[in-house]
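Engineer: Requesting a structural model of the entry that follows:
(chains A and B, ligands or ions: 3)
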Amino acid sequence: MTAPPLIEVDGLRIDLDDGSRRTAAVEGVSFRIDRGETFGLVGESGCGKSISALALIGLLRRPLSIGAGAIRFDGREIQGLPAAEQRALRGNRIAMIFQEPMTALNPVSPIGRQIAEMFVLHQGKSWREADRLAVEALASVRVPAPERRVKDYPHQLSGGMRQRVMIAIALACGPDLLIADEPTTALDVTVQAEIIELMRNLCAERGTAILMISHDLGLVANVCRRVAVMYAGRIVEERGSDALFRASAHPYTKGLVDSLPRLGTRAALGRSKLKEIAGVVPAIADFPAGCRFNPRCMQATEICRSTAPETTRLGDGGLVRCHHHA
Amino acid sequence: MKLGTSTIIGGVLFALAIFVGLFAPWLAHTDPVMGANLMNAEEPPSWIWWFGTDAQGRDIYSRVVHGARISLTVGIVSQLVNSVIGVTLGLTAGYWGGWWDDVVNALTNLMLAIPSLIFALAIMAVLGPGLTSLLIALGLTNWSFSCRIARASALSLKSQGYVQAAKVLGYGDLRIMITQLLPNMLGPIIVISTLGMGGAILAEAALSFLGLGIRPPYPSWGSMLSEARDQITTAPWLSVFPGLAIFLTVLGLNLLGDGLRDILDPQSRSRRT
Ligand SMILES: Nc1ncnc2c1ncn2[C@@H]1O[C@H](COP(=O)(O)OP(=O)(O)O)[C@@H](O)[C@H]1O
Ligand code: SF4
Ligand SMILES: [Mg+2]
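Structural biologist: Residues are numbered from 1 along each chain as shown, chains lettered A, B, ... in the order given. Ligands and ions are numbered 1, 2, ... in the order given. From the prediction side, this is the model:
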């Protein structure tokens, strides 16, 4: 028998309860991530990436809740675990970094203290030992002069430095999975590349799997071996990164790929406008019947407007959810 | 960081009161209770009797100096009790919300509806006079402001990124409240506690004046005022000096509180950085 995947999401539905009505913000989402693997989740803003990540770590709160499906970490269903056991997973075996390094650190606590807290909380270390480990953790994310820097407060650091500190905190306890939700969106382009490189190297060294979430297909495909494309609460295509670019099967993925600037093209040189997908992502309450992409899809036919497409397996092992996929 | 003049004046006045209270036995000229001598009764202020003497010939200066101990003990201890109660209730109510928040809100509204002095009066009537009863009465009746502020701060802080991040990192509720919320609301809590201390000193004076707080012959500023009531025209110094002590200490605390508000206000802080 083979070992269970590190994390397995099976038919996840997330309900949004606005008091009078229950609507599915995310529906039929399934994917699995193996140990040490890099997996990406891409889609336009508002398609349900962040709430899916919150569901993964058991932190969905009213008005959102898990309506159906299972999330298994290391073979154990997370939802069924007592609160204390869920907490023991968070930050310890599943860690997460966010978009906003500016606000994710406590402004009145020295950064060394915030790193050390992880060792005290999850590994029962003494503060003395934890403070020493915090210096090492800060050194591992290539912050210069870590012995001195541990005493700094967040406002004394640049955005890039803060995100390094966040990575140090997230990786402090050697988690099995790092969820990175738009980790560089708020940073300068030059800093972005450094942070991504750092994150990727550290995780590769330690065998930590990455779930990278972003609206930026180029970034995700660059970091991840496999990518799932999400549209309006559903995964519409899941492929290996190369296949996704070479032979996108879903019209939405094609649109995303076509809207990326490519080296040497007129668009990359800023001379012509990028090809964009016309229209906007519908709000949860206005999800259309049938395929949710049909109002924006050039290939839509009658069946697309009436029947939601099922997931089809492609020849290369990828998955696509479209009646007329390539 | 720029300290305003009034903050400095407030700080100096409060520090002076603390100093006098701490070193009262060395600063006093005579024993405040036993140092009676009818030969020197009702002497007006002079080089020998700085603040004059009372009908039993006790040195008012020595009594005012010793009175600082009692007034400050009441002010500091009762406000500390109030702050602990108020912050505990307000912080948990704001963070957890739900039925607990409703309970705390109802309790706070009740406390605000009854004038705290009347409430304290009732408690004193049950417990009887004395320092311990005073600390209990004043410590249990004035936490609604700290509670309100702690609750409002917790409500606004709990949606901050670092509180969300702490949850994601596996912090429990208690750890989040202690490490993420409390330190970030300390500024306004300190301000309200400083102002509250002044209020407690005034309340002590009022209760003692009514004969329910510290009772003669022990010198608290309030009990001294109470004793001096009948001689206000014949020996005004009996009222003037304890009154002045109350006035300057409470003024100091209010100036300090206002000054701290400006310094600790997160908005003015972010403007500076
Ligand atoms: N706390 C919430 N209450 C109500 N709606 C929410 C909440 N959080 C997210 N949503 C909705 O769920 C959808 C998915 O949001 P999100 O997962 O944040 O998208 P993204 O893919 O940009 O991360 C959005 O339509 C958003 O408006
Ligand atoms: S199912 Fe139809 S509408 Fe949906 S993506 Fe495929 S072709 Fe377009
Ligand atoms: Mg998001």
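
Engineer: centroid residue for the chain?
Structural biologist: Let's take chain A. The centre of chain A sits closest to residue A:213, judged by Cα atoms, centre = their mean, with a distance of 2.6 Å.

Engineer: meant chain B, my bad for not saying
Structural biologist: Mean-position check on chain B, Cα atoms, centre = their mean. Result residue B:197 at 1.7 Å.

Engineer: And that one, how far from ligand 1?
Structural biologist: 41 Å (Cβ to the nearest ligand atom, to the nearest Å). Placement of C-beta: from N, CA and C, glycine included.

Engineer: And for residue B:118?
Structural biologist: 45 Å.

Engineer: pLDDT value on the residue nearest to the centre of chain B, please?
Structural biologist: Per-residue pLDDT puts residue B:197 at 92.

Engineer: For it, identify the helix or strand it belongs to.
Structural biologist: Assigned by DSSP states H and E, residue B:197 belongs to helix B:182-209.

Engineer: Remind me what that helix packs against, helices and strands.
Structural biologist: helix B:60-96, helix B:116-127, helix B:131-140, helix B:144-157, helix B:221-228, helix B:237-264 (3 or more Cβ pairs under 8 Å, 6 or more residues apart in numbering or on different chains; DSSP states H and E).

Engineer: Most tightly packed of these?
Structural biologist: helix B:221-228 (a mean of 26; mean count of other Cβ atoms under 10 Å in any protein chain shown).

Engineer: Show me how far the helix holding residue B:197 is from its chain's centre.
Structural biologist: How far helix B:182-209 lies from its chain's middle: 4 Å, per Cα atoms, centre = their mean, to the nearest Å.

Engineer: and the helices and strands packed on helix B:182-209 as JSON lines, adding distance to residue B:186?
Structural biologist: Output for the helices and strands packed on helix B:182-209, formatted as JSON lines (distance: least, Cβ to Cβ, whole Å):
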{"stretch": "helix B:60-96", "distance to residue B:186": "9"}
{"stretch": "helix B:116-127", "distance to residue B:186": "23"}
{"stretch": "helix B:131-140", "distance to residue B:186": "20"}
{"stretch": "helix B:144-157", "distance to residue B:186": "9"}
{"stretch": "helix B:221-228", "distance to residue B:186": "30"}
{"stretch": "helix B:237-264", "distance to residue B:186": "8"}
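
Engineer: still on that earlier bit, report the contact partners of the residue nearest to the centre of chain A.
Structural biologist: A:40-42, A:49-50, A:53, A:179-182, A:220 (Cβ atoms under 8 Å, 6 or more residues apart in numbering or on different chains).

Engineer: just checking, it is part of a helix?
Structural biologist: No: secondary structure assignment places residue A:213 outside any helix; it is strand (DSSP: H, G, I helix; E, B strand; the rest coil).

Engineer: circling back to that earlier point, just checking, the residue nearest to the centre of chain B touches residue B:76?
Structural biologist: Yes: Residue B:197 lies in contact with residue B:76 (Cβ atoms under 8 Å); the separation is 6.3 Å.

Engineer: per-residue confidence for residue B:243?
Structural biologist: pLDDT, read off for residue B:243, is 89.

Engineer: For it, give its distance to ligand 2.
Structural biologist: Residue B:243 is 84 Å from ligand 2, where distance means Cβ to the nearest ligand atom.

Engineer: swap in residue B:235?
Structural biologist: From residue B:235 to ligand 2 the distance is 97 Å (Cβ to the nearest ligand atom).

Engineer: How many residues are close by that residue?
Structural biologist: Using other Cβ atoms under 10 Å in any protein chain shown, residue B:235 is surrounded by 20 other residues.

Engineer: And for it, nearest residue in space, chain neighbours not counted?
Structural biologist: What sits nearest to residue B:235 in space, not counting adjacent residues and going by Cβ to Cβ, 6 or more residues apart in numbering or on different chains, is residue B:42, at 5.1 Å.

Engineer: ok, the one you found - contacts?
Structural biologist: B:52-55, B:57, B:231, B:234-235.

Engineer: again with residue B:205
Structural biologist: B:71, B:213, B:220-222, B:225, B:246.

Engineer: if we can go back for a sec, among the contacts of residue B:42, which two are most distant?
Structural biologist: B:57 and B:234 (15.0 Å; Cβ to Cβ).

Engineer: neighbour count winner among the two?
Structural biologist: Comparing residue B:57 with residue B:234 by other Cβ under 10 Å, the one with more neighbours is residue B:57, at 17 against 9.

Engineer: Let me see the confidence value for the more buried one.
Structural biologist: Confidence for residue B:57, expressed as pLDDT, is 74.

Engineer: In contact with it, which residues are there?
Structural biologist: Counted by Cβ under 8 Å, 6+ apart, residue B:57 has contacts B:36-43.

Engineer: residues of stretch B:169-179 that come out buried?
Structural biologist: Of the residues in stretch B:169-179, B:169-171, B:175-177, B:179 count as buried by neighbour count, 16 or more other Cβ atoms under 10 Å in any protein chain shown.

Engineer: likewise stretch A:289-309?
Structural biologist: A:290-297, A:300, A:304, A:308-309.

Engineer: Make JSON lines from these and add secondary structure to it.
Structural biologist: Listed next are those as JSON lines, based on three-state DSSP:
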{"residue": "A:290", "secondary structure": "coil"}
{"residue": "A:291", "secondary structure": "coil"}
{"residue": "A:292", "secondary structure": "coil"}
{"residue": "A:293", "secondary structure": "coil"}
{"residue": "A:294", "secondary structure": "helix"}
{"residue": "A:295", "secondary structure": "helix"}
{"residue": "A:296", "secondary structure": "helix"}
{"residue": "A:297", "secondary structure": "coil"}
{"residue": "A:300", "secondary structure": "coil"}
{"residue": "A:304", "secondary structure": "helix"}
{"residue": "A:308", "secondary structure": "coil"}
{"residue": "A:309", "secondary structure": "coil"}
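
Engineer: so which of the residues you listed would you say is closest to residue B:10?
Structural biologist: residue A:292 (63.5 Å).

Engineer: in stretch B:12-25, what's buried?
Structural biologist: Buried, per 16+ other Cβ under 10 Å, within stretch B:12-25: B:13-14, B:17, B:20-21, B:24.

Engineer: what are the phi and psi angles of residue B:98?
Structural biologist: When read as degrees, to the nearest 10, the backbone of residue B:98 gives phi 70, psi -150.
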